[in-house]
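Undergrad: sharing a sequence plus its predicted fold:
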Amino acid sequence: MKTPWSTLLAAASFSLLFPSLALAQQAEAIHESEVHEAVKDAPTRMIPKGASDPKLTKSADPETKRVYTKDAVVVTHASGIVDRQPYAAIPILFRVNSDELLDRVSQQNVRETAAALRPLLADGARFTVEGHASAEGSEQRNLELSKLRAAKIRALLTEGERLDGGKLNDRGFGATHAQATTALESERQKDRRVLVVRVQ
């Protein structure tokens, strides 16, 4: 049975008016080997001449700058020390204004991430789950939502997948590091991300 032209025309019109709703939303699948490859190496630390390592002196050394490259977070501290922390970007889709995962692929990606992290944690590695948001909406709500989503993924990894919670932290950044330069949904989606950052 052929679909009436009126139905096809209505569907096409809906797609043009509401592209984000017309497209079936599904996260991109990721394999544990991809996560492992991204975070298998320990972070590196560059200590400038004359600076003392706060890890040895047990003194506070707040971060003053945070830059995201394609494969690492480069953190500069007040002392001038620079840490390079490898990360894996985990494709996760959330329901609008919620910390609930949207699809089964997102759920499977959490399981793949757990499988990749488990042997690294056993060897002494530590990680931070970072939540990031796109820039639209209020700054306060974006920050709250990114914290909730980071905490949700950590909970799924520790409570659901039984990873060592003592070696996994979570942190939300809101839209502080959003990079989209246009209002295109495809660009904003890239800013709504979850990163697993190796900090030790």
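TA: Everything's here; your move. Values in this document were obtained by computation on a predicted structure and should not be read as measured data.
Undergrad: pretty sure residue 129 contacts residue 172?
TA: No - using Cβ atoms under 8 Å, residue 129 is not in contact with residue 172, being 9.5 Å away. All C-beta atoms are positioned from the backbone trio N, CA, C, and that covers glycine.
Undergrad: so which of these two has more stuff around it?
TA: Legend: neighbour count by other Cβ atoms under 10 Å for residue 129 and residue 172, higher for residue 129 (25 against 20).
Undergrad: where in the chain is pLDDT low?
TA: 1-24, 53-59, 181, 186 (pLDDT under 70).
Undergrad: ok so, going back, residues shared between the contacts of residue 129 and residue 172?
TA: Common contacts of residue 129 and residue 172 (Cβ atoms under 8 Å, 6 or more residues apart in numbering): residue 150.
Undergrad: for the lengthiest strand in the chain, packing partners?
TA: Under DSSP state E, the strand in the chain containing the largest number of residues is strand 82-90. Packing partners of strand 82-90 (3 or more Cβ pairs under 8 Å, 6 or more residues apart in numbering; DSSP states H and E): helix 32-39, strand 44-46, strand 72-77, helix 104-122, strand 194-198.
Undergrad: what about 10 Å?
TA: Applying 3 or more Cβ pairs under 10 Å, 6 or more residues apart in numbering; DSSP states H and E, one finds that strand 82-90 contacts helix 32-39, strand 44-46, strand 63-68, strand 72-77, helix 104-122, strand 127-131, strand 194-198.
Undergrad: who wins for proximity to residue 96 among the ones you listed?
TA: Proximity to residue 96 (Cβ to Cβ) singles out helix 104-122 among the helices and strands packed on strand 82-90, at 14.0 Å.
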